[in-house]
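Peer 1: What follows is a predicted protein model with its sequence.
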Amino acid sequence: MKAKRNVMSLILTIILAVSLLCPAAVFADTTVYTTETGTKYHSTSTCSGLSNAKKVYTDTESSAISRGLTKCSKCWNGSSSSSSSSSSSSTTSSITTTTTTKASTAATAKIALKAKTKKVKVGKKLKIKLTNNKSKVKWTLSNKRAKITKKTNSYVVIKGKKKGNVVLKAKAGGKTYKIKIKVVK
Ligand SMILES: [Zn+2]
């Protein structure tokens, strides 16, 4: 009987030793400082968040958490919440990098007015493309030396009417693109 009791006390000692070494047990036993009305618990009694309190109470962290209190951001430096915020900021920077890559790709696919030639004979037609455009286009000519005979959001067809220069304008996506066309005899 006596030997059995010694084994039991040894087991209890081991359990106690393990619980003291276990980080969760240490966490639960952390002494924190609270106030009567505050919603935060503090790691130090000298925290500025406690300066207005009439009386500061000592408590365990697990007890403070169970009462719905949260960590004071002033005195809990190097907490798990700060490490998670730094990981989220690195996620944000990777998103920014992706956006920059997309923007430079869009810049490469430049919108421009292009024609095989910048000349058109009176009575003849010329097709002028608006490359890489995906917006709705408003086409205009600077004068009546030429006339638009067909228009889409990717190209226009003009017909020479009278000798001289005419500027074709394409307004798309808030920008205006211009090309000067010479109407010849
Ligand atoms: Zn504090």
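Peer 2: On my side now, so go ahead. Bear in mind the structure is a predicted one, so any value in this text is a computation, not a measurement.

Peer 1: Quick check: residue 137 vs residue 155, distance?
Peer 2: Using Cβ to Cβ, to the nearest Å, one obtains 9 Å as the distance from residue 137 to residue 155. Glycine gets a C-beta too; all of them are placed from N, C-alpha and C.

Peer 1: which residues does residue 183 contact?
Peer 2: 119-122, 145-146, 160-166 (Cβ atoms under 8 Å, 6 or more residues apart in numbering).

Peer 1: Please flag which of those sit within strands.
Peer 2: When the contacts of residue 183 are checked against strands (DSSP state E), the matches are 119-121, 146, 160, 164-166.

Peer 1: Could you look up the SS state of residue 62?
Peer 2: Using DSSP: H, G, I helix; E, B strand; the rest coil, the structure places residue 62 in helix.

Peer 1: Please list the residues of the chain that sit near the ion.
Peer 2: Residues of the chain lying close to the ion by Cβ under 5 Å from the ion are 42, 47, 49, 72, 74-75.

Peer 1: The residue nearest to residue 155 when sequence neighbours are not counted - how many residues pack around it?
Peer 2: The spatially closest residue to residue 155, leaving aside those adjacent along the chain, is residue 129, at 4.6 Å (Cβ to Cβ, 6 or more residues apart in numbering). Look at residue 129: counted by other Cβ atoms under 10 Å, it has 17 neighbours.
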